[in-house]
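Undergrad: the following comprises the amino acid sequence and a computationally predicted model.
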Amino acid sequence: MATGVNMMTKDPILKVEHLSMRFGGLMAINDLSFEAYRGNITALIGPNGAGKTTVFNCITGFYKPTMGMITMRQKAGKEFLLERMSDFEVTRDAKVARTFQNIRLFSGLTVLENLLVAQHNKLMLASGYTILGLLGFPAYKKAAAESIEQAKYWLDKASLTDRADDPAGDLPYGAQRRLEIARAMCTAPEFLCLDEPAAGLNPRESLALNELLRSIRSDTGTSILLIEHDMSVVMEISDHVVVLEYGQKISDGNPEHVKNDPKVIAAYLGVEDDEVDEVIEEIEHIAPGGTL
């Protein structure tokens, strides 16, 4: 289990309350409530079709929930009702960053340029949204220098410094995943949402990802919410795990609690509720103390 800030601090950065999302006759999320704690890595897991990405889309402003509240509270104490905000406002004002299942880098730009593009808003503000940058005004020069330093910092964190001048599209898959996370961190988020960051990674790449996420949590204090199917990643780095099935929460706790929860085991094995006890007995018979 992950080390670092313990979820028992109970300082929620995100509160999801009675969230529901309906698409026509399909209830994708049904009365979901959970909290993500400040400085923690929270994993949102569940079988395919459980509604995990829909939850992410509601949190990050891509969907407007049918019902419910999503409250983000920044370190300074300012609160945002994310369900009322657009995706742009969630990123700009609430300081929530996101990556996607499918990598969305600017493949024709260099690795360094991808990290500078992420800081576009800061540079535009420093330019006064005019030609002050072209004229070399001190405020813009200062902001540009800070952006380059920020990019260099995350290049180092993501172990990509030696590839800074290469096109992002030329990177190996695992390095592209790390670059996408580094680019998100260049926006200085307080809350980072990662949609299946370990998808398609080999064991060595997964290890590098784990190290990067731990570093983000410990060095910046950024809170992380991730969707992930790779249970080795989830159980290794998460402080807190929330489990969905058919749009409803079936378990919520630390990794040890969740991986031993009969409802979670049944959901992943695809058995009915009335078969749970029988399945658990079989697991215990084969491997006493057995878990997911």
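TA: That came in fine, so what should we check first? Numbers count the residues shown, from 1 in each chain.

Undergrad: so A36 touches S223, yeah?
TA: Yes. Proximity of A36 to S223 meets the contact threshold set by CB atoms under 8 Å, at 6.2 Å. All C-beta spots, glycine's among them, are computed from the backbone N, C-alpha and C.

Undergrad: from the chain's centre, how far out does the lengthiest helix in the chain sit?
TA: Assignment by DSSP state H gives helix 138-157 as the longest helix of the chain. Between the centre of helix 138-157 and the centre of its host chain there is 24 Å, according to CA atoms, centre = their mean, to the nearest Å.

Undergrad: helices and strands around that helix, which ones?
TA: Taking 3 or more CB pairs under 8 Å, 6 or more residues apart in numbering; DSSP states H and E as the contact definition, the neighbouring helices and strands of helix 138-157 are helix 111-117, helix 120-126, helix 173-185, helix 203-220.

Undergrad: relative to R84, which of these is closest?
TA: Closest of those to R84 is helix 120-126, at 20.8 Å (criterion: CB to CB).

Undergrad: any idea of the mean pLDDT in that closest one?
TA: In this model, helix 120-126 has an average pLDDT of 55.

Undergrad: how about stretch 254-271?
TA: Stretch 254-271 comes out with an average pLDDT of 84.

Undergrad: so which bits of that stretch are buried?
TA: Applying a neighbour-count criterion of 16 or more other CB atoms under 10 Å, one finds 254-255, 258-261, 264-268 buried in stretch 254-271.

Undergrad: and for stretch 64-79?
TA: Within stretch 64-79, judged by 16+ other CB under 10 Å, the buried ones are 65-66, 68, 70-74.

Undergrad: from the chain's centroid, how far away is that stretch?
TA: Stretch 64-79 has its average C-alpha position 16 Å from the chain's average C-alpha position, going by CA atoms, centre = their mean.

Undergrad: quick one: terminal-to-terminal distance for it?
TA: The first residue of stretch 64-79 is 18 Å away from its last residue (CA to CA, to the nearest Å).

Undergrad: about what we covered before: next, the angle helix 173-185 makes with the longest helix of the chain.
TA: In this structure, helix 138-157 runs at an angle of 150 degrees to helix 173-185, with axes from the mean of the first three to the mean of the last three CA atoms, to 10 degrees as the basis.

Undergrad: related to what we said a few turns ago, would JSON lines of the buried residues of stretch 254-271 with distance to V90 and secondary structure be doable?
TA: Converted to JSON lines, the buried residues of stretch 254-271 look like this (distance: CB to CB, whole Å; DSSP: H, G, I helix; E, B strand; the rest coil):
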{"residue": "N254", "distance to V90": "28", "secondary structure": "coil"}
{"residue": "P255", "distance to V90": "28", "secondary structure": "helix"}
{"residue": "V258", "distance to V90": "28", "secondary structure": "helix"}
{"residue": "K259", "distance to V90": "31", "secondary structure": "helix"}
{"residue": "N260", "distance to V90": "35", "secondary structure": "coil"}
{"residue": "D261", "distance to V90": "31", "secondary structure": "coil"}
{"residue": "V264", "distance to V90": "30", "secondary structure": "helix"}
{"residue": "I265", "distance to V90": "35", "secondary structure": "helix"}
{"residue": "A266", "distance to V90": "35", "secondary structure": "helix"}
{"residue": "A267", "distance to V90": "30", "secondary structure": "helix"}
{"residue": "Y268", "distance to V90": "31", "secondary structure": "helix"}
